[in-house]
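In: sequence first, then the predicted structure, then my questions.
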Amino acid sequence: MMKKLSLIVLFAVLVSGMAFAQQKPEMDFKRTEHNFGTIKEEIGAVSTQFEFTNTGKSPLIIQRVSASCGCTTPSYTKEPVLPGKKGTISATYSTVRRPGTFNKTIRVYTNVPDTVYVLTIKGNVTPKQ
């Protein structure tokens with residue numbers, strides 16, 4: 001009888017754990033990379049937006065976004081993104097005194113367990129004449 005009860009309890013724990021796992025948010029990006037191509041240093045800065053959808057079953061919360069260097073400034077949707085709704089992460093790259101090719105990453109930390117999303121911007125800055 002005790003063995004049967006233990007199996008029932010174990011089964012209940014597994015089923016409740018699976019139900020909880022299915023309630024997590026999920027971030028689905030339209031694209032994770034943007035190539036600015038060739039741009040002029042005198043432009044000063046270039047920006048792009050990465051749009052995402054919460055394809056999960058619970059609200060998605062962006063906890064923080066960090067860029068691989070100080071030359072890139074990220075901004076993002078601050079309020080929770082409900083299931084089925086969209087949000088954005090913007091990245092602005094400063095071209096001033098940065099001629100040459102660049103390839104920078106933006107890391108996105110959310111309430112999705114064990115997941116860090118990585119976005120990439122790249123291009124080539126031509127120097128001032």
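Out: Thanks, I have the structure now.

In: measure Pro99 to Glu33 for me?
Out: Look at Pro99 and Glu33: by C-beta to C-beta, to the nearest Å, they are 22 Å apart. For every residue, glycine as well, the C-beta is placed using N, CA and C.

In: look up the closest residue to Pro80, ignoring the ones flanking it.
Out: Computed as C-beta to C-beta, 6 or more residues apart in numbering, the closest residue to Pro80 that is not its neighbour in sequence is Pro59, at 3.9 Å.

In: next, the one you found: phi, psi?
Out: Main-chain torsions, Pro59, degrees, to the nearest 10: phi -60, psi 140.

In: OK, contacts around it?
Out: 25, 80-83, 111 (C-beta atoms under 8 Å, 6 or more residues apart in numbering).

In: can you list the residues you listed in CSV and add distance to Phe52, neighbour count and secondary structure?
Out: Formatted as CSV, those follow (distance: C-beta to C-beta, whole Å; neighbours: other C-beta atoms under 10 Å; DSSP: H, G, I helix; E, B strand; the rest coil):
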residue, distance to Phe52, neighbour count, secondary structure
Pro25, 11, 21, coil
Pro80, 13, 15, coil
Val81, 8, 21, strand
Leu82, 13, 14, coil
Pro83, 13, 15, coil
Asn111, 14, 16, coil
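
In: give the buried residues for stretch 60-75.
Out: If you call a residue buried by 16 or more other C-beta atoms under 10 Å, then stretch 60-75 has these buried ones: 60-62, 65, 67, 71-72, 74.
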